[in-house]
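Q: Predicted model and sequence below, questions to follow.
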Amino acid sequence: QVQLVESGGGLVQTGGSLRLSCAASGRAFSNYAMGWFRQAPGKEREFVSGINWSGGTSYADSVKGRFTISRDNAKNAVYLQMSILKPEDAAVYYCAARNKNVRTDPGAYEYWGQGTQVTVSS
């Protein structure tokens, strides 16, 4: 079992930055691929970024060059640094974990956090 708790969401102006954190508890965090997803009202949950156990990363096209994912296995944590935020980035952001490699399908993830709200004012 893995428990995930996100933090760091909030209100930011267009063009601003936020850093989301996801704290994990449970066994063998370093073996898990970690993903960040987001869900805006009336929309499906979508993949934002992921990082493999080995540190390999992937990003949705909509956030490439603006968001950076990282992990600290010693702290059982994963981060999402978000920059140049746009109104369309506003959503609830979720941290998720799965065995093996990153997948973009949210259904492939076994464990989820409760989400943290990101609001971007124009």
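A: Cool, the structure landed.

Q: mind listing what's buried in stretch 75-86?
A: For stretch 75-86, a neighbour-count test (16 or more other Cβ atoms under 10 Å) marks 76, 77, 78, 79, 80, 82, 85 as buried. For glycine as for every other residue, the C-beta is placed from the backbone atoms N, C-alpha and C.

Q: Quick one: distance of the host helix or strand of the fourth one to the chain centre.
A: Taking DSSP states H and E as the definition, one finds residue 79 inside strand 77-82. Using Cα atoms, centre = their mean, to the nearest Å, we find the averaged C-alpha position of strand 77-82 to lie 7 Å away from the chain's own average C-alpha position.

Q: so what strands line up beside that strand?
A: Strand pairing for strand 77-82, using DSSP bridges, gives strand 18-26 (antiparallel), strand 67-72 (antiparallel).

Q: Out of these, the one nearest residue 90 is which?
A: Closest to residue 90 of the strands paired with strand 77-82 is strand 18-26 (Cβ to Cβ; 11.0 Å).

Q: hmm, who's touching the closest one?
A: By Cβ atoms under 8 Å, 6 or more residues apart in numbering, the list of residues contacting strand 18-26 from outside reads 1-10, 12, 32, 34, 36, 76-82, 85, 93, 95, 97, 113, 116, 118.
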